[in-house]
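Novice: got a predicted model here, sequence first, then my questions.
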Amino acid sequence: MKTELSWRELQTGYSRQKKRHTMTGRIRQTVGFLCLGVAAIALLWFGTHTVSKLGERLFSQKPEKVESEPAPPKHLGKSEVKALLHNIDILNSKTDIFFADGPSWTYTIHTQLDTRLQAKLIRTLNYLKTLDRGKPELIGMVAMDGSTGFIKAMAGFNQANPATNPCTSARYPAASIFKIVTASAAVEKLNYTATTPLYFNGRKYTLYKRQLTNHKTKYTNRVTLETAFSKSINPVFGKLGQLALGKTELNNFAEKFGFNQNPNTDFDFPIPHFATNGSEYHLAELGCGFNRDTLISPVFAATMVSAMVNKGQSLVPRLVDRISNSDEVEIYKSTKEVYKTPVSPKTAATMKRLMKKTISGGTARKSFRGYSRDKILSNLLIGGKTGSLSNRAHTIKYDWFTGFGQQKTTKETLIVAVVVGHGKYIGTRACIHAKNMLKTYFSTPKPKKNLLTANSTVPE
């Protein structure tokens, strides 16, 4: 049976129900505020993070692309080889193999330098530097293979300018070395032979204007072209330059030999200089080399001689034989190149005769005395040309020899060119250095080159 509740009980229950309702509302309100707060915080964080990332994308510096390392070249041209050699010191080297760094690889550069000859020249230089009297101010010695154009040796020094390579510098007066050009022009253009008679007045090694005439007296000297060349008689070649050849032919043959040009070599080759100034007397000075305007280097002097031992064709000198990369793959191989054809084979043969006379009975006779009885030199045909001239200040006397030695049986030929800048005292002559170079080179058979050896050096 249901019992009715009293008013007081109803009132108490109502109050409890109201309190529970109020508490539930407050809890719901609090939870709602908390949810809104969490939501606001989340939105605020998300917005800040998003804006930050967007700003970074918009305003931050874009990262550089990482490039892959370049691949080693599969082939090198001569200009690239020349650039590699520009940073390598070949002068006075004791090795025939060199190395050059690429971006991420190494080049191995093989030459045909004769390390025995190089070692001999280095010992000579070291001795010269110890002298008090007779020590040269400068010296440059070059050897070149007469049949290939390969440089076999390159040594020297310049006390005043140690950074200069005296073998390639074209700042030395050619002196009587230019008589090679004048004599070649006379044979080629005027049909002279070794026995053609020529005449001069006065002394052999002067060049006065009164000597530059074809007038003959009872004191006039008669010589052949062979004698005039071998003894380097200035008046004869002065008259050839001024009276017989003239400005046009002198310029023409100087150009044919390579003056005012440089061959496409794989190393630095400064340009030899030749120019006329319009004066008749200057033509005589040019013809005999008695001037300080015609300038050459030892390596160019060797190039001139190469025409005489190659039937009139001069060769492009070269240092590099081949180049391989880090994987030992050959990427460059040099080839023999003809530079100029200044004279015919007949003229070249005549010039060889004149140059051989210089050794046997001319200006180099004293230095080469006894060569025909020497165990080594007697097996060679030797020819050359000497020259000497002081600088304008007369503080240095330039002493030249350029020529060749040719093995009589094998025909192997070595071309040598030496310039010595003597100071106050005259030391060892260029002819003596050249003779020693020939004797060293031909003294023993050349050892076979070991292409797998990375560092081919020789003991002192």
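Specialist: Noted; the coordinates are in hand. The structure displayed is predicted, hence computed values, not measured ones.
Novice: can you give me the end-to-end span of stretch 404-416?
Specialist: End-to-end distance of stretch 404-416 (CA to CA, to the nearest Å): 6 Å.
Novice: again with stretch 338-346
Specialist: 18 Å.
Novice: would you indicate which residues of it are buried?
Specialist: 339, 340, 342, 343 (16 or more other CB atoms under 10 Å). (Each C-beta comes from the backbone N, C-alpha and C, glycine too.)
Novice: over to stretch 119-137?
Specialist: Neighbour-count burial for stretch 119-137 [16+ other CB under 10 Å]: 119, 120, 121, 122, 124, 125, 128, 135, 136, 137.
Novice: ok, now stretch 234-247?
Specialist: 234-242, 244-247.
Novice: in helices, which of those residues appear?
Specialist: Those of the buried residues of stretch 234-247 mapping onto helices are 234, 235, 236, 237, 238, 239, 246, 247, per DSSP state H.
Novice: how much space between the first one and residue 179?
Specialist: The reference is to residue 234. Distance from residue 234 to residue 179, counting by CB to CB, to the nearest Å: 9 Å.
Novice: same check on the second one?
Specialist: As defined by CB to CB, residue 235 lies at a distance of 12 Å from residue 179.
Novice: quickly list what's touching both of those two.
Specialist: Overlap of the contact sets of residue 235 and residue 179 (by CB atoms under 8 Å, 6 or more residues apart in numbering) consists of residue 288.
Novice: from the buried residues of stretch 119-137, which land in strands?
Specialist: Using DSSP state E, no member of the buried residues of stretch 119-137 sits in strands.
Novice: so which of the residues you listed comes closest to residue 188?
Specialist: Nearest to residue 188 among the buried residues of stretch 119-137 is residue 121, at 34.8 Å by CB to CB.
Novice: hmm, residue 152 and that closest one touching each other?
Specialist: No - the criterion here is CB atoms under 8 Å, and residue 121 misses it with residue 152 at 10.6 Å.
Novice: tabulate the buried residues of stretch 338-346 (JSON lines), appending pLDDT and secondary structure.
Specialist: Below are those laid out as JSON lines (pLDDT from 0 to 100; DSSP: H, G, I helix; E, B strand; the rest coil):
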{"residue": "339", "pLDDT": "98", "secondary structure": "strand"}
{"residue": "340", "pLDDT": "98", "secondary structure": "strand"}
{"residue": "342", "pLDDT": "98", "secondary structure": "coil"}
{"residue": "343", "pLDDT": "98", "secondary structure": "coil"}
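Novice: okay if I get those as a markdown table plus distance to residue 376?
Specialist: Putting the buried residues of stretch 338-346 into a markdown table (distance: CB to CB, whole Å) gives the following:
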| residue | distance to residue 376 |
| --- | --- |
| 339 | 30 |
| 340 | 32 |
| 342 | 31 |
| 343 | 30 |
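Novice: what's the most distant pair in those?
Specialist: Pairwise distances among the buried residues of stretch 338-346 were taken by CB to CB; the largest, 13.1 Å, belongs to 339 and 343.
Novice: residue contacts, residue 227?
Specialist: Taking CB under 8 Å, 6+ apart, we find residue 227 in contact with 233, 357.
Novice: helices of the chain, start to end?
Specialist: Counting by DSSP H, one finds helices in the chain at the ranges 7-59, 78-86, 115-129, 179-190, 225-230, 234-239, 246-257, 280-288, 298-308, 345-361, 430-441.
Novice: can you list residues touching both of residue 234 and residue 179?
Specialist: Shared contacts of residue 234 and residue 179, defined by CB under 8 Å, 6+ apart, are found at residue 288.
Novice: ramachandran coordinates for the residue positioned nearest the centre of the chain?
Specialist: Centroid check for the chain by CA atoms, centre = their mean gives residue 267 as the closest residue, at 2.8 Å. Backbone torsions for residue 267, taken as degrees, to the nearest 10, come to phi -140, psi 170.
Novice: ok, residue 197 - how many residues close by?
Specialist: When neighbours are counted by other CB atoms under 10 Å, residue 197 registers 11.
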